[in-house]
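A.B. asks: build me a model:
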Amino acid sequence: MTKVLMVLTSHDQLGDTGRKTGFWLEELATPYYRFRDAGWEVTLASPQGGRPPLDPKSDEPDSQTEQTRRFTADAEAERQLGATVRLDSVSVADYDTVFYPGGHGPLWDLAEDDTSARLIEQVVAAGKPIALVCHAPGVLRHCVTPAGEPLVAGKRVTGFTDSEEEYMGLTKVVPFLVEDELVAKGADFSKAGNFEPYVVSDGLLVTGQNPASSGPAADQLISLVGRSGG
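C.D. replies: Okay, the predicted model is just below:
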């Protein structure tokens, strides 16, 4: 059975705004069911373990989808979410692939987490596919190649764009802008219009632009795992 590790944030504060943040529900739920429906075994992890914080805006009526409603009504999914494993307890050798959902939370914790960076570097070194969507591609900022170069240098990528962050009114709140950071690290960044589905693949690295891209990114990851024999 193919095993996928989904890595979620443990950070729940939206800067100094006094507002809550966390992971974005659609970016967990939609890929989660793509993987489950494909017969995969899903493990959820987070830096602190236990229940990760949900961005409350992602569960508002306007943000709900068929898959988010399926997730919140799924006792097994809720059980898994309430008991994520600690990220520092997992081994890359136990998984065929890794998926990082977004939300603003990862910009504060996972983007600065040495355990996460080493995990990603080990996944790449092992020749296993990895996907990150929306804000999660920002988690690549400190990942490097064996030669010490930025992992994304020269790679085709996408992620939550400057204009999407501006639309959210959070360009001065977030610790860095995903698009700007990836470009600064030497990535070949491309994008579609605001909140349009858009996925980029470069070898075994898959990145999605926004919540609407999470399903297509999961589909691309499933395809890559199938081709790599996972």
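
A.B. asks: flag the shaky bits of the protein, pLDDT-wise.
C.D. replies: Scanning the chain for pLDDT under 70 picks out the ranges 229-230.

A.B. asks: so which residues of it form strands?
C.D. replies: All strands of the chain, identified by DSSP state E, fall at 3-7, 41-46, 85-86, 97-100, 130-133, 156-157, 188-189, 199-202, 205-208.

A.B. asks: can you put those strands in TSV and add distance to Pro53 and mean neighbour count?
C.D. replies: Placement of C-beta: from N, CA and C, glycine included. Below are the strands of the chain laid out as TSV (distance: least, C-beta to C-beta, whole Å; neighbours: other C-beta atoms under 10 Å):
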stretch	distance to Pro53	mean neighbour count
strand 3-7	14	24
strand 41-46	9	20
strand 85-86	15	14
strand 97-100	16	27
strand 130-133	18	29
strand 156-157	26	20
strand 188-189	28	19
strand 199-202	26	19
strand 205-208	21	29
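
A.B. asks: so which of these is nearest Thr30?
C.D. replies: Evaluated with C-beta to C-beta, those place strand 130-133 nearest to Thr30, the distance being 9.4 Å.

A.B. asks: just to revisit the earlier point, can I get the strands of the chain in JSON lines including distance to Ala75?
C.D. replies: Below are the strands of the chain laid out as JSON lines (distance: least, C-beta to C-beta, whole Å):
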{"stretch": "strand 3-7", "distance to Ala75": "18"}
{"stretch": "strand 41-46", "distance to Ala75": "15"}
{"stretch": "strand 85-86", "distance to Ala75": "19"}
{"stretch": "strand 97-100", "distance to Ala75": "22"}
{"stretch": "strand 130-133", "distance to Ala75": "26"}
{"stretch": "strand 156-157", "distance to Ala75": "36"}
{"stretch": "strand 188-189", "distance to Ala75": "40"}
{"stretch": "strand 199-202", "distance to Ala75": "31"}
{"stretch": "strand 205-208", "distance to Ala75": "28"}
